[in-house]
Structures are given as structure tokens and as C-alpha cells.
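> Only the shape, not the letters, is given here:
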């Protein structure tokens, strides 16, 4: 009986060791929920009013979107967004904020998207009908 108990303990120790190693390795991977500063730093100095004018000049009339529970268009009523093709998502956004930097990035991205989208609605003469209040 003791041999079986001893063998079971060895198996449990091996399983626990493997789980600890897997958890440690997964903690070392970069998460898409916590965007790295260098790749997404543009958002902190972005100017939505200028950016929307440049997009309009190029014929790009898509709204800016952020990834929350799903892809959202901040500041715009959902019925005014014809399809997902009319949304330019801000990569790296998420509704999961794992750190202060992630929260800062997502909050800034949502604010940027809202100002961008309101400026686009003004250009399209749809402000009164489509702005989310």
C-alpha cells in the first residue's frame, strides 16, 4: 500500500512541477492586453482633429474603433455605422486593463477615438443624427 501512495505522490509532484513551469513561462510572454509603450506610443501625441482631416483628404471616411467587449465606435450611435468595414480599429485596445500603462493607453485611445469620430460626424453632416449622448 505504501508503494502505491509513494508512487502517487511522485506523480502529483511531477504534475505540480509542470504546472508551475507552464505558469512561469506564460507570465513571460507579452500579452496583447498590455500593449508595449514603443509600438503604441503614437496615441499619446496624436491629434484627432488633424488626423481626421488627413484621412478625409485620402478618402478614408471610416470611424475609429476600440476593442472593448467587442469592436466599439466611441461617440457614435451603432445604427450610424453601416458595417464593420466602416471601422478602423485602434490596435492594442482592450477591455482588460492589466496594468496602469494598459489603463492609460486604453483610456487615451477611447478619448482619441471619440474626438476623431465626432469630427468625422461633423464633416459628414451627421452630428445631430448620429452622436451618442
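Nice, I can see it. Since we're looking at a predicted model, the values are computed, not measured.

> Looking at the most centrally placed residue in the chain now. What's its pLDDT?
Centroid check for the chain by Cα atoms, centre = their mean gives residue 93 as the closest residue, at 1.4 Å. With respect to pLDDT, residue 93 scores 92.

> My assumption is that it lies in a strand; please confirm.
No: applying DSSP: H, G, I helix; E, B strand; the rest coil, one finds residue 93 to be coil, outside a strand.

> Hmm, residue 108 and it touching each other?
No: counting by Cβ atoms under 8 Å, residue 108 is not a contact partner of residue 93; they are 9.8 Å apart. C-beta coordinates here come from the backbone N, C-alpha and C atoms, glycine included.

> Would you mark the buried spots in stretch 45-62?
46, 48, 51, 52, 55, 62 (16 or more other Cβ atoms under 10 Å).

> For it, measure first residue to last.
With Cα to Cα, to the nearest Å as the measure, stretch 45-62 spans 21 Å from end to end.

> did I read that right, residue 66 in a strand?
Yes: Residue 66 forms part of a strand when assessed by three-state DSSP.

> number of nearby residues for it?
23 (other Cβ atoms under 10 Å).

> Show me where this structure has its helices.
Using DSSP state H, the helices of the chain run over 2-28, 37-40, 42-45, 48-57, 100-123, 127-130.

> tell me the domain boundaries of the chain?
Split into domains by automatic domain parsing, the chain comes to 1-29, 31-130.

> Low-confidence regions, the chain specifically.
1-10, 14, 16-37 (pLDDT under 70).

> let's go with 90 and repeat that
1-41, 68-70, 95-99, 101-102, 132-133 (pLDDT under 90).

> now residue 52: how far from residue 101?
26 Å (Cβ to Cβ, to the nearest Å).

> residues in contact with the residue nearest to the centre of the chain?
With contact set as Cβ atoms under 8 Å, 6 or more residues apart in numbering, residue 93 has these partners: 66, 67, 68, 105, 106, 109, 110.

> Select only the buried ones of those residues in PyMOL?
To isolate the buried ones among those in PyMOL, judged by 16+ other Cβ under 10 Å, type:
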select buried, resi 66+67+105+106+109+110
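
> could the contacts of residue 93 go into JSON lines alongside distance to residue 81?
JSON lines is the format used below for the contacts of residue 93 (distance: Cβ to Cβ, whole Å):
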{"residue": "66", "distance to residue 81": "13"}
{"residue": "67", "distance to residue 81": "15"}
{"residue": "68", "distance to residue 81": "14"}
{"residue": "105", "distance to residue 81": "23"}
{"residue": "106", "distance to residue 81": "20"}
{"residue": "109", "distance to residue 81": "17"}
{"residue": "110", "distance to residue 81": "16"}
